[in-house]
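Engineer: Pasting the sequence and the predicted model now:
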Amino acid sequence: MTPIRKLLITGANGQLGRELQTILAAGRAPIGPIDPSWEACEVVPTDVDELDITDADAVMAFVRDGGFGAVVNCAAATNVDGCETNRDLAQRLNADAAANLARAAEAAGAVLAHVSTDYVLAGDDPMPQAEDAPCAPNTAYGATKLAGERAVREACARHFIVRTAWLYGTEGKNFVRTMVGLGRTHDRITVVCDQHGSPTFAGDLAYEILALLGTEAYGLYHCTGNGATTWDRFAARIMANAGLDCEVAPVTTEEYAAANPQSAPRPAWSILDNKRLRDTIGDEMRSWDVALDEFMRTVEL
């Protein structure tokens with residue numbers, strides 16, 4: 001495949017957007033070095049101040065006139081509870097904006113990598129879910145992200161849709177930073193114990209997205225940290241890594257919902273199977289605990 005000479009990143013101020021920029025600048029990720037062809041690539045990071053991706057005309061002009069070979073869409077409305085209370089915003093950011101970028105990428109002859117979520121699935125199957133698992137979202141967040149996936153698939157022939165879950169990174173708000181903050185101010189916290197998933201370091205996800213962009217193996221991929229845990233065990237490992245003497249007390253989803261009746265439902269099972277990644281470029285995603293341990297050794301929280 002011809003090397004990509006100019007790359008547009010949308011949602012560049014978010015966790016994944018920041019990691020993409022860091023890796024591209026350094027030429028490597030914690031997993032390992034990226035392809036040397038990326039050294040010659042001009043990276044254009046944008047967020048809402050530079051490009052409103054809900055504005056179809058602005059997106060078309062920006063992508064068409066920019067000479068981009070690829071677009072990575074990291075932008076989304078990811079506040080699950082907020083999506084329930086503001087469905088219109090979720091629709092515009094998660095579905096309509098994805099359609100705008102897909103149409104613009106197709107018109108410009110660019111490749112589009114679009115990031116999606118485990119929430120498009122029902123979340124009730126304990127088995128790891130491969131890419132052919134049936135979609136059945138039960139939240140506004142999941143439904144609008146699924147609509148975004150469909151828009152990308154329909155409008156842009158050369159696309160990668162990459163689903164991930166339980167994401168954290170070096171910058172921005174995430175579960176790891178929240179737990180460290182609570183651990184510094186509390187002797188005891190309660191965390192849900194019956195929701196299962198695979199914590200994913202955004203730098204590892206960024207590495208795999210760049211690897212996919214070096215291929216023509218277009219389509220749908222799952223990409224999460226390998227292995228699985230629960231939120232309370234995830235929290236306990238964070239506390240141990242941070243050297244914090246804070247008890248993590250488990251509570252069930254039912255108990256949490258009773259105490260927080262306005263919260264949207266969360267999937268009981270969010271374990272994705274990176275099957276297509278293994279079958280194409282190879283699954284280099286690290287085990288969730290290995291990635292977390294290194295992250296906490298090397299990042300100031």
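Structural biologist: Received the coordinates, thanks.
Engineer: so what's Lys145 up against?
Structural biologist: 76, 94-95, 116-117, 119-120, 137 (Cβ atoms under 8 Å, 6 or more residues apart in numbering). Just so you know, the C-beta spots here come from the backbone N, C-alpha and C atoms, and that holds for glycine as well.
Engineer: how about the residues you listed in JSON lines, adding secondary structure, distance to Ala242 and neighbour count?
Structural biologist: As requested, the contacts of Lys145 are exported to JSON lines (DSSP: H, G, I helix; E, B strand; the rest coil; distance: Cβ to Cβ, whole Å; neighbours: other Cβ atoms under 10 Å):
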{"residue": "Ala76", "secondary structure": "coil", "distance to Ala242": "28", "neighbour count": "24"}
{"residue": "Asn94", "secondary structure": "helix", "distance to Ala242": "33", "neighbour count": "27"}
{"residue": "Ala95", "secondary structure": "helix", "distance to Ala242": "38", "neighbour count": "21"}
{"residue": "Ser116", "secondary structure": "strand", "distance to Ala242": "31", "neighbour count": "24"}
{"residue": "Thr117", "secondary structure": "strand", "distance to Ala242": "27", "neighbour count": "26"}
{"residue": "Tyr119", "secondary structure": "helix", "distance to Ala242": "28", "neighbour count": "28"}
{"residue": "Val120", "secondary structure": "helix", "distance to Ala242": "32", "neighbour count": "25"}
{"residue": "Pro137", "secondary structure": "coil", "distance to Ala242": "34", "neighbour count": "20"}
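Engineer: okay, those in a markdown table with pLDDT and distance to Gly32 next?
Structural biologist: Below are these laid out as a markdown table (pLDDT from 0 to 100; distance: Cβ to Cβ, whole Å):
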| residue | pLDDT | distance to Gly32 |
| --- | --- | --- |
| Ala76 | 97 | 27 |
| Asn94 | 98 | 32 |
| Ala95 | 98 | 35 |
| Ser116 | 98 | 25 |
| Thr117 | 98 | 26 |
| Tyr119 | 98 | 30 |
| Val120 | 98 | 30 |
| Pro137 | 97 | 34 |
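Engineer: Run through the stretch 1-150 of the chain and note the low-pLDDT ranges.
Structural biologist: 1 (pLDDT under 70).
Engineer: any idea what sits nearest the residue lying farthest from the centre of the chain, other than its immediate chain neighbours?
Structural biologist: Centroid-distance maximum for the chain: Asp187 at 31.1 Å, with Cα atoms, centre = their mean. Closest residue in space to Asp187, ignoring its immediate chain neighbours: Cys246 at 6.2 Å, by Cβ to Cβ, 6 or more residues apart in numbering.
Engineer: Pretty sure the one you found sits against Gly181.
Structural biologist: No - in this structure, Cys246 is not within contact of Gly181 by Cβ atoms under 8 Å, at 10.6 Å.
Engineer: more crowded one of those two?
Structural biologist: Shown here are Cys246 and Gly181; by other Cβ atoms under 10 Å, Cys246 has more neighbours (21 against 12).
Engineer: check contacts around the more buried one.
Structural biologist: Counting by Cβ under 8 Å, 6+ apart, Cys246 makes contact with 182-183, 186-189, 239.
Engineer: Quick check: the gap between it and Ala76.
Structural biologist: Distance, Cys246 to Ala76, by Cβ to Cβ, to the nearest Å: 31 Å.
Engineer: phi, psi of the nearest residue to Glu42 once chain neighbours are set aside?
Structural biologist: Nearest residue to Glu42, sequence neighbours excluded (Cβ to Cβ, 6+ apart): Lys6, at 4.6 Å. For Lys6, the backbone dihedrals (degrees, to the nearest 10) come out as phi -150, psi 130.
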